[in-house]
Structures are given as C-alpha cells and as structure tokens.
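Novice: next one to model:
(chains A and B, ligands or ions: 2)
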Amino acid sequence: MQKIPVRLRVNGELHDLIVEPRRTLADALREECGLTGTHLGCEHGICGACTILLDGAPARGCLIFAVQAEGMDIRTVESLATGARAHPLQEAFVRHHALQCGYCTPGFLMLLVGGLERDPDLDAEGLRELVSSNLCRCTGYQNILAAAADYAAQLRAARGA
Amino acid sequence: MDETVTQYRIGETRLFGKPLERLEDFALVRGRGRFVGDLSLARQLHMRIVRSPFAHADLRAVDASAARAMEGVVAVWTAGDIADLPPIDFRDAAGEALRPYRQPLLAHGRVRYVGEPVAAVFAIDPAIAEDAAELVLIEADERETLLDATAAPGEFSAGHDTEALVMRADYGGIEQVLAAADVVIELDVQIGRHSGVPLEPRGAIGQYDAGRDVLCLWGAAKVPHRNRDALAKALGRDQAGIELHELHTGGGFGIRGELYPEDFLVLVAAMRLDRPVKWIEDRREHLMAANHSRQQRHRVRAGFSKDGELLGIDDDFFVDQGAYVRTHGARVPDMTIGMIPGPYRCPAFRAVCHFRLTNKTPAATYRAPGRFEGSFVRERVMDAAAARLGIDPVELRRRNLITAAEMPFARPMKTLGTNIIYDSGDYPRLLDAALARFGWRQAQADAAARRLAGEPVGLGLAIFVEKGGIGPRDCARVTIDPGGAVELVTGGASVGQGFETAMAQICAEPLGVDYRRVRVVHGQTERIAYGVGAHASRATVMTGSATNAAALAVRAKALRVAGQLLQARPEELDIVAGAVVRRAAPDLPVMGLGAIAAALAPDSATLGDERPGLSAEEWFTTEHMTYPYGLHLAQVAIEPDTGRVVVERFLIAYDVGRAVNPMLIEGQLVGGFAQGLGGSLFEEFRYDARGEPLSVTFADYLLPSASEVPAVEILLTQDAPSPLNPLGIKGAGEGGITAVGAALATAIDDALERPGLVTRLPVTPQMVLAWRRQTAS
Ligand code: FES
Ligand code: FES
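Specialist: Ligands and ions are numbered 1, 2, ... in the order given. So this is what the prediction gives:
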C-alpha cells in the first residue's frame, strides 16, 4: 500500500513519518516514534490501554489513523514524568498499589490526567464513571480509584491554596 | 547451619509483613516497561496465523499460492512444511491415554475448532502478513460438530472417541452411606466457559543466535525452565541450546506461558528462515485460540443426617475440554476432584469425571482451577441441604467444618500426585471472625426488611480451602558485590503479582539491607539451572523459601568472615542497614557487606580457607502442599427492571499463614474477586449451533469494569502459619476468586427468596428476568 508523509507533534516534539494511511496512531506512536508506553489490548476501542491525550482530551489511540492526528497536540504516558521526578498521579498509583502487571496503567494515567484537567471537580462517582471507560484485568479497580481520588484531592488542595 | 543463623528470628527485623511499595512500579508507571510487543529485533519477520473458519471439517486442500506470491511474504507454511515436528506434549508426564488428543502445530487432515492454526505466514511487515493470510484458501468438508460434553461421545480420530479419559476417586463406601442417609440431595449444576483473558495479548519472538548456537524465545512466561525443557525435547536441541527470556508480562492467570503452537512456530521459523520472527496476536485471536477454562457440568448427590451432618458426596461430572488436550493434560479435572470436599469432613466421597473433547477452543487452567468449579458445586450442595433440613446455612456449615484439633487433616485421596493433607487451619475461628466483621446477623435483618419492602436483596456465604506451594523443590542464589548491592537469582517468574518486591523483602530481611538494594532476576533460564516459575500460588512459597535459605546462608557467611576480621564471635554480631554491627552497639556500623564481599574476592589476600564470593545457592524441598483457606460473604441487590445483579458488599476473609507483604496479598485478593465476579455474572464464551464462537471481541466477552466491581472488604488473618516451610507462608494468588460464584449464587437465591434457584454460572440479567416472571405468575 502507498505510504504518505505525516507530521506529528508528540509530547512537544515533531516527528516526520512516512506511513500507510491505514496506520493507526497507536501503532505509529509505538513503531515509528518508539514510544511503546501506549499499549494495545483490543484494537477495537473498548479496553482503553491505548488511551492518549489529543488536544488535551483522552482518546483511543487505536481508533484514529496517524494521518488524522496531524496538527493535533498528542500526549503520551512518556510525557508525564520529568527526569527522575514522577507525575503526582504516577506517585499516587505507586502509593496506592494501583497497578499489578502495569499493562493498563499508561491508559489509566492518561485517562485520569486528561479527565481531571478538563473537569477538576469530579467527585467519587464521577471518577468511578471515568475509570470505568478503561479495563484492568488485575487490580479490581479499587486501588486505581483510590489513587485517582488522592490525586484529585491534591489538585483541589493546590487550587484552594 | 551455625549458631548465628538459628539465633536469627524472622520478625525481629524490619521488612517481613510490611506493605512496602513495589520495586516494579518505577518503570511501569512511566510506560517504560518492556512487554514482548515493545521489543523489535533487526531484520525480524512477522508471523500471522491462518486459522480454521470451521468448527469440525476434513481438510481437502490448503492453497497458499496467492499468499506466497505477495510482495514482502517470505514463506507460508502448512502442516506439510513442518511434518517433522511432533504435536505439543504434556508438561507433566500425563497418561498414555491422552497422547492421541494432543494438538499439532498446524492442523492436518482435520480441523476441530474455529481458530485452529492451519497455516503460518511470514512477512517483512505485520500488515503484509495479515493481508497475505487472507489470501490462503482452505477447502474442507464440514462434519457434524459436537458442542456438548454431556452428549454421547463422537469420534475424535479413527479409533479414538471424544471421551479422552474417565477419572475416578472413591473412599468411604459412598453407596452404603447414601443408602443409609436421612436425606439425599440431588443437584445438576453447571459452570460456564470463561478464562483468564489478560489485558496484554499473547506474543513471542523467536531468535536464532548462530554465533552461540542458541535459540532464544522472548516473551516467555509462567514456567520458563519447564517450557525450555519441553521445547528442547520437541525441537531436538540440548537444554543449554535454548534460552527463554521473560519480559514484562501483562497478566498471566494460568493461561499465559503455556506452550501454544505459535511458540513453537516462531522458534522453528527463526531457525529455518534465518531471521528473528515476531508474533503478536490480536484480541479476536486471543479469545478463540488461547486456553479457555472452567466449563463443567456436575450431577451430584450428597447424603446428610437429619441434624445436618454431611455424610458423603457422589459427583458424576463432565469437563468440556474443547478440541485438544493441551500442555496441562488432565490437571483441571484432577484438581476439581481433589478439592470438591473442601473444608468439610465428608467421610465418604466418590467422583467420576468424564474428560471429554468438543469442537471448541481447547481448555486448561485458569486461576483457582478446579476450585472455583468445585466450590460452586459443594456450596450449592450445602445450601440445598440447609433448605431441605430447615437448618441455618451457616450453622449447617459450621457443624461440618474440620476443626483445628483435627489438623493436620488427611483425606484418603491424592491430587496432583500428592496425598491431600491439610497442613494447618482453624476454619471455625475464621468463620466467626468473618461473620463478626461483616455484621452478618444485622445484615440479614436489614436484608429481610428491605425484601419486605419489595426490594430483592440477599446474602450469601461460602467457605473454601485453597492450595499453594506445590513441591518438590526450588532453588535461589544470593550474591553480594563489593559495592554492597545484592543480586537474587531465581527460577521464578513474574506475571504482574509483585514477585520482585516480595522476593526482595524475603531476601533483604536476614541480610539487614534495604529491599530496594536487591536486584531480583527471574524468568531467565540461562541464569540458573532450575526454576518452578509462577503458577498455582507457588512462587512465594517455593521460591520464597529457597530465597530465605540462600539469604540465611549468605548472612551466616558474612558474620563468620566479619567475626574473623574483627576478632569477634559471629553471635556477637548482627547486620543493620547493610553493615555488620556489634550487638552491643547496634548503631555503630563496623564493616559494610561490600567490604566483606571484597575480602572474599578470589584474589583477596584475606580470603584464607573460605570459598570465594559472598554468595550462596540453596534449595528448598517440600513434599506436601500448603492449604490456605477462606470465606466469601456477599450482599447483592437485584435491579427489578433490568435483572442486573448489583453486588453491594463483598467480604473476603482469608488466612495466608503468614503475609510477606499484605498490600500485595490484598491486591491479589481484590483482583481475583473481580475475575470471579466476571465469571459469575458476565463472562462466557458462547458458540452458535455450528460451533462458531460468538464471544470474540470485548463487546461480546464482557470483562467487569469499575462500574461493576464494588469496593471489597478484606479480612486477612495469619492464624495458621504453614508448618511446611520456615516462613509459614501458604500462597495467596487465588483465594480472591475461589468461591465468588458460590457466594453470589447463594445471595441471588436469597434475594429472590428461592433457595436452589441458581444452578449455573454466569447468572445473566436475562436469566434473572425470566425467574422474576416465573415468580410473578
Ligand atoms: S487497544 Fe485501543 S481501546 Fe483497546
Ligand atoms: S494492572 Fe494488569 S491490567 Fe491493569
């Protein structure tokens, strides 16, 4: 199949790629950009392991073609930590044992970072609803919810201060 | 072992039993884990499997010419291209009777389930491989399908019918016991077909390293050493000529890490095509090709005295094994039989298991294999007896529980080749503690009041015995380098359960070091000669005990050598924060472990008669399994309009013997519960009448999400440390799932006020609505 050029802005960095039009964004991020933190669990839009932020909103990387993401601001899990310093949500995940195998984790992190950026006032029910858009097979979600609530409380405290 | 070792007591120090943060998390939260799909090797080819669209058919021709002609396709193999390779063997020496039922790498002659590998395409790009696979034409004459393991057996192949094996266990003279019993309960109950479904699909990379003449499998899991041995045998290579490498693993649950056709194919192709070969399955393939599990139907009779004593169980049951017998042989039925009586005395017992093949995806173990099924059957029996005799179900159970005074309790039968001897336990005590924690009486009163007000709410309770720590032995090697860093090499495997952290804790404890200084090696067959891997809740027990032994040996050596250098008796010394101290002045570091390692270097002037290196390799041996035990207590409400079962409360009470890291154990229990909830209410592999699988996406095979999984309450006790290992641990990978189906079934009965209503899992909303209509009319 004919390949075409596409320019992606990922975590603030430009990537000039040549891909088939049918290449999904998740595949392009993983294979062409070498950012393998975005995972694939179903490739049909249900599990959310591939969740990334597109212009700030959580989106399924497996449901959009790389060529459609041109011009968008793309953020992946690799953008969260700065050097050795983890993002506060990553720290909350560690503290609350919100991951076991860790395969779903990047998706949940991006889902929650994006979700709480857009709506910082999500309460427990809102967080549960948000978290229920992705699947985890290991944790039973309890600790993911605890980590999310912890981070949401930190955001609220920071705003209040 | 010398004085200093015996003086040292676990629990004196700092790490054992603490909910420490995981070592694994640093990389995983940053998206810097390395799962098999993340790895790419230079010049790699991509494999795509062409799968049978027929559930049962005779192959006439497989035409791969169009696929072979495609640009970028390097090879397409059908059965004829690998006719020299044997079918996939059993990992354990299984009965001769099962050999005809093994699965070939690629089907020849006949296909027996939708999804069976028929051809393998190798191409320079995964998309090309996928396109080419679609061009492979399979011509076949369809046969009648067999989709019910309780129907009359059909023909598997010439001379072999689909009843592969009949297994039996029998003690206590069940016929006479039932004839004399006051009441005999008869039930017909079924468990649906579901499986582990890890979030990461399966994958493998085969690589042949010609320079070393070593064949490497990347993406190994679960039992790397035993899989290496099996692969060596099948491929005719020496064991050191195959290396298995575990990477990060996105969930195991029993199904990942078994040897599947694809594992052999990437290895053989890597050799024959002389390039690395990568295979990553998609979700649809996973759901129709990776091991299924669970599906059983039990016709059970049980005799009781009029005051509720369980006199005996007679169980005739059918296992729907699917199309072939895979690596596990008949392990699932074996474990089902062994654990049906569970926590009750049950003086007489007979089980007859019909291990039968059908035209579905082959089945094998999934978390708590045999126990999820057996617990459902046994606890349904207890509830039915309670209803029939008019005895409170909790009271009826209590009367039959094995007591602490009866421990160790030997049942006159075997499972997995070992005698069943419950090592320790106080079941009635845990029952009381769990009822108190749940507030059972109050909850019953509240539920009754809500039911009176028209709300269908109910409670359920189930008790179970788990098993862990299958022997016979495992080893571990601990080495401290001159910088004071500790390396622990194990033959264990990590499937995401926190193995590294737990092992680091066990290792660091006697060494008096920070657990974060312990580098834990697992799943690399070239690093250690032997390993049990991670399955059946044995990693903590077996590998943990071997680790403990090796760390104790290193401790003894460090103190002995330090004693010589410091002119002190070893028993006057201790290790604190990575340095030897005098017990009289524990805050004053005298000599770092690194310095002792340097003094033990092969070229060290101070080596003396010591063997070089601050290092030890030790073995742990046990003949018997450990038996942790627990209870599940559930409260459900049923949404009248939708038939949806909402789990309002769920308590897991579990005795682990001793907890290395309670945070990890609770994580295992809650995660297991969520899977049990799936199998009880949502998940099922369904087939249409022609054997076409209907559950091949996450839209049809429903994993529970955060909306369905409630907050779980945990009561973790350590009343009964195992006498079988020095740490007293029993294993905790499975106790969250074991009796979920049983407890929810009882709670649903209770909510609808119809004892014995639930006879099959999963309980779907459609079933609940139908029941409500029945009740209404
Ligand atoms: S991989 Fe994209 S939603 Fe599952
Ligand atoms: S931690 Fe394994 S899938 Fe979520």
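
Novice: only C-alpha atoms for contact and neighbour calcs from this point on.
Specialist: OK.

Novice: count of residues packed around residue 60?
Specialist: Let's take chain A. A:Arg60 has 24 neighbours, counted by other C-alpha atoms under 10 Å in any protein chain shown.

Novice: try chain B instead
Specialist: By the criterion of other C-alpha under 10 Å, B:Arg60 has 13 neighbours.

Novice: doesn't it belong to a strand?
Specialist: Yes: assessed by DSSP: H, G, I helix; E, B strand; the rest coil, B:Arg60 belongs to a strand.

Novice: contacts only, for it.
Specialist: With contact taken as C-alpha atoms under 8 Å, 6 or more residues apart in numbering or on different chains, B:Arg60 is in contact with B:109, B:138-141.

Novice: now the buried members of those.
Specialist: When those are checked for burial by 16 or more other C-alpha atoms under 10 Å in any protein chain shown, the buried set is B:138, B:140.

Novice: closest to B:Arg212 out of the contacts of B:Arg60?
Specialist: Closest approach to B:Arg212 among the contacts of B:Arg60 (C-alpha to C-alpha): B:Gly109, at 38.0 Å.

Novice: pLDDT value on that closest one, please?
Specialist: On the pLDDT scale, B:Gly109 is placed at 95.

Novice: how near is the nearest residue to it once chain neighbours are set aside to ligand 2?
Specialist: In this structure, B:Gly109 finds its nearest non-sequential neighbour in B:Leu59, 5.3 Å apart by C-alpha to C-alpha, 6 or more residues apart in numbering or on different chains. Separation of B:Leu59 from ligand 2 (C-alpha to the nearest ligand atom, to the nearest Å) stands at 39 Å.

Novice: ditto for B:Ala179
Specialist: 50 Å.

Novice: what helix or strand is the nearest residue to B:Gly196 once chain neighbours are set aside on?
Specialist: In space, and not counting its chain neighbours, B:Gly196 is closest to B:Phe253: 5.3 Å by C-alpha to C-alpha, 6+ apart. Using DSSP states H and E, B:Phe253 sits in no helix or strand.

Novice: B:Phe253 reaches B:Ser293, doesn't it?
Specialist: No: the pair formed by B:Phe253 and B:Ser293 falls short of the contact definition of C-alpha atoms under 8 Å, at 11.0 Å.

Novice: overlap in contacts of these two?
Specialist: By C-alpha under 8 Å, 6+ apart, the residues touching both B:Phe253 and B:Ser293 are B:Tyr366.

Novice: surely the residue nearest to B:Gly109 meets B:Val111?
Specialist: Yes: counting by C-alpha under 8 Å, B:Leu59 does reach B:Val111; the two are 6.9 Å apart.

Novice: so is the longest helix along chain A next to ligand 2?
Specialist: In chain A, assigned by DSSP state H, the helix with the most residues is helix A:142-160. No: no part of helix A:142-160 sits close enough to ligand 2 to count as contact by C-alpha under 6 Å from any ligand atom; the gap is at least 9.0 Å.

Novice: which strands and helices sit next to that helix?
Specialist: In this structure, helix A:142-160 packs against helix A:88-95, helix A:124-131, with contacts taken as 3 or more C-alpha pairs under 8 Å, 6 or more residues apart in numbering or on different chains; DSSP states H and E.

Novice: let's go with 6 Å and repeat that
Specialist: Using 3 or more C-alpha pairs under 6 Å, 6 or more residues apart in numbering or on different chains; DSSP states H and E, the elements in contact with helix A:142-160 are helix A:88-95.

Novice: the inter-axis angle of the helix it packs on versus helix A:142-160?
Specialist: With axes from the mean of the first three to the mean of the last three C-alpha atoms, to 10 degrees as the basis, helix A:88-95 and helix A:142-160 are set at 140 degrees to each other.

Novice: the closest residue to B:Ile714 other than its chain neighbours in helix, strand or coil?
Specialist: In space, and not counting its chain neighbours, B:Ile714 is closest to B:Ile652: 5.0 Å by C-alpha to C-alpha, 6+ apart. Assigned with three-state DSSP, B:Ile652 falls in the strand class.
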